[in-house]
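> When you get a sec, could you give me coordinates for this:
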Amino acid sequence: MIRTAPAHVWAFDLEWVPDTASGRRAYNLPPDTPDADVFAAMWAHGGATEQEPRPYLKTMLCRVVSVAVVVRKVQADGQVFLGLTSLPHEGEEGLSERQLLDRFLTSLGTANPKPALVGFNSRDSDLPILIQRGIAQGVSAPGFCHRPEKNWEGYDYFAKYNEGHVDLKEVISGGWGKSVPRLHDFAAACGVPGKIDTSGDNVLDLWLAGNTRAIVQYNEFDALTTYLLWLRTAHFAGHFTDEAHAAELTRVRDLLRKRIANGQTHLRRYVDKWDALAAIDH
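Coordinates of the predicted model:
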């Protein structure tokens, strides 16, 4: 179970698609091979079947196209700042993968104090792809990669038993067996919005259609869900009282209300789903 509720938390989520450049290199395909044929080759090498035509590919061969983060930071005066940020920003749909990773990892590595990362299935997926694609894209991320000499001297994003990185999937299930839930299952049981309209299976279709904004919006929903589930888990562990947990939920709703008023109307779908789930009796 999680040991603390840190003063600075980033609940994060990434979205990625097969990277055709990596696919051409990995499988010796000519440079002019159509993207559709590259995807087919990558899936074939990944073990595609009639039942699963698009198998999960090795993350090294995929391209990160979006990152979303809910930031919670207790400030010096005790006030709690809560924010939601994502990349690419609106109008930056042409942001390269290298630029996206560099911007995110630099922000993470230079944040003061260093935030604790919270994800869902992040130890097996989100964290490895950050590392792998950062290396592949030639990103330098010394702040993110810094490791303290001793486990208790600071956050270490790479150590399994350091609170610098909390994978909620591991925390609640042990990481294997029939007790392992999907993010949507965990969220549904807690009355929190899970997948809304989009799932990871059709991110590629959105990408091919040039609908990067829909990917980012879906990514923000997953980051919000991950954050709300972290709050529930921290409350379960005794790090928030009932009253404090309720206050944290109010902060999330206030954040969403302000963002919707400022034009981020896609978040209305998240609020509406949250309200609908709250109306279902336990």
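
> was I right about Leu130 contacting Glu97?
No - between Leu130 and Glu97 there is no contact under Cβ atoms under 8 Å: 11.3 Å. Yep, even glycine has a C-beta here, placed from its N, CA and C like the rest.

> Neighbour count: the two, which is higher?
Neighbours were counted for Leu130 and for Glu97 using other Cβ atoms under 10 Å; Leu130 has more, 25 against 19.

> Where does the more buried one sit: helix, strand or coil?
helix (DSSP: H, G, I helix; E, B strand; the rest coil).

> so what sits against both of Leu130 and Glu97?
Jointly contacting Leu130 and Glu97 under the rule Cβ atoms under 8 Å, 6 or more residues apart in numbering are Val64.

> tell me the strands in the chain, going along the chain?
8-18, 62-74, 80-87, 116-119, 165-167 (DSSP state E).

> and the third one, which strands flank it?
Its sheet considered, strand 80-87 pairs with strand 62-74 (antiparallel) by DSSP bridges.

> Repeat that for the last one.
In the sheet, strand 165-167 lines up against strand 116-119 (parallel) (DSSP bridges).

> got a list of contacts for the strand it pairs with?
The set of residues external to strand 116-119 that reach it, using Cβ under 8 Å, 6+ apart, is 6, 8-13, 108, 126-127, 155, 157, 163-168, 226-227, 230.

> Let me have the strands of the chain in CSV, extended by mean neighbour count.
Formatted as CSV, the strands of the chain follow (neighbours: other Cβ atoms under 10 Å):
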stretch, mean neighbour count
strand 8-18, 24
strand 62-74, 23
strand 80-87, 16
strand 116-119, 26
strand 165-167, 22
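
> what's the longest helix in the chain?
Counting residues, the longest helix found in the chain (DSSP state H) is helix 212-236.

> now that one: mean pLDDT?
Averaging pLDDT along helix 212-236 yields 97.

> neighbours around Val252, how many?
20.

> Oops, could you answer that again for Ile131 instead?
Other residues near Ile131 come to 20 when the count uses other Cβ under 10 Å.

> repeat for Gly78
Count around Gly78 with other Cβ under 10 Å applied: 7.

> For it, give me the pLDDT.
Gly78 carries a pLDDT value of 91.

> quick one: the lowest-mean-pLDDT helix or strand in the chain to chain centroid distance?
Using mean pLDDT, DSSP states H and E, the weakest-scoring helix or strand in the chain turns out to be helix 168-173, at a mean of 92. Remark: helix 168-173 is offset 15 Å from the chain centroid, using Cα atoms, centre = their mean, to the nearest Å.

> same question, stretch 267-277
Using Cα atoms, centre = their mean, the offset of stretch 267-277 from its chain centre is 19 Å.

> Pull out the buried residues from the longest helix of the chain.
Buried residues in helix 212-236, counted by 16 or more other Cβ atoms under 10 Å: 212, 214-235.

> Stretch 127-140 now?
Applying 16+ other Cβ under 10 Å to stretch 127-140 flags Leu127, Ile129, Leu130, Ile131, Gln132, Arg133, Gly134, Ala136, Gln137, Val139 as buried.

> and the two most separated of those residues?
Taking Cβ to Cβ, the two most distant members of those are Leu127 and Gln137; they sit 15.9 Å apart.

> So the residue lying closest to Gln217 once chain neighbours are set aside versus Val203, what's the distance?
Spatially, and ignoring its direct neighbours in sequence, Gln217 is nearest to His266 (4.5 Å; Cβ to Cβ, 6 or more residues apart in numbering). The gap separating His266 from Val203 is 16 Å, by Cβ to Cβ, to the nearest Å.

> any idea of the pLDDT on Trp152?
For Trp152, the pLDDT comes out at 76.

> Neighbours of Ala141, how many?
Here the count is done by other Cβ under 10 Å, and Ala141 has 18 residues near it.

> rewinding a little: contact partners of the least confident helix or strand of the chain?
Contacts of helix 168-173 (Cβ under 8 Å, 6+ apart): 1-2, 118-123, 175, 179-181, 183, 186, 226, 229-230, 233.

> one more time with 10 Å, if that's ok
The contact list for helix 168-173, computed with Cβ atoms under 10 Å, 6 or more residues apart in numbering, reads 1-2, 11, 118-125, 160, 175-176, 179-183, 186, 226, 229-230, 232-233, 236-237.

> before we move on, what about stretch 241-248?
Stretch 241-248 is contacted from outside by 5, 72, 80, 82, 227-228, 230-232, 234-236, 239-240, using Cβ under 10 Å, 6+ apart.

> Thanks a lot, catch you later.
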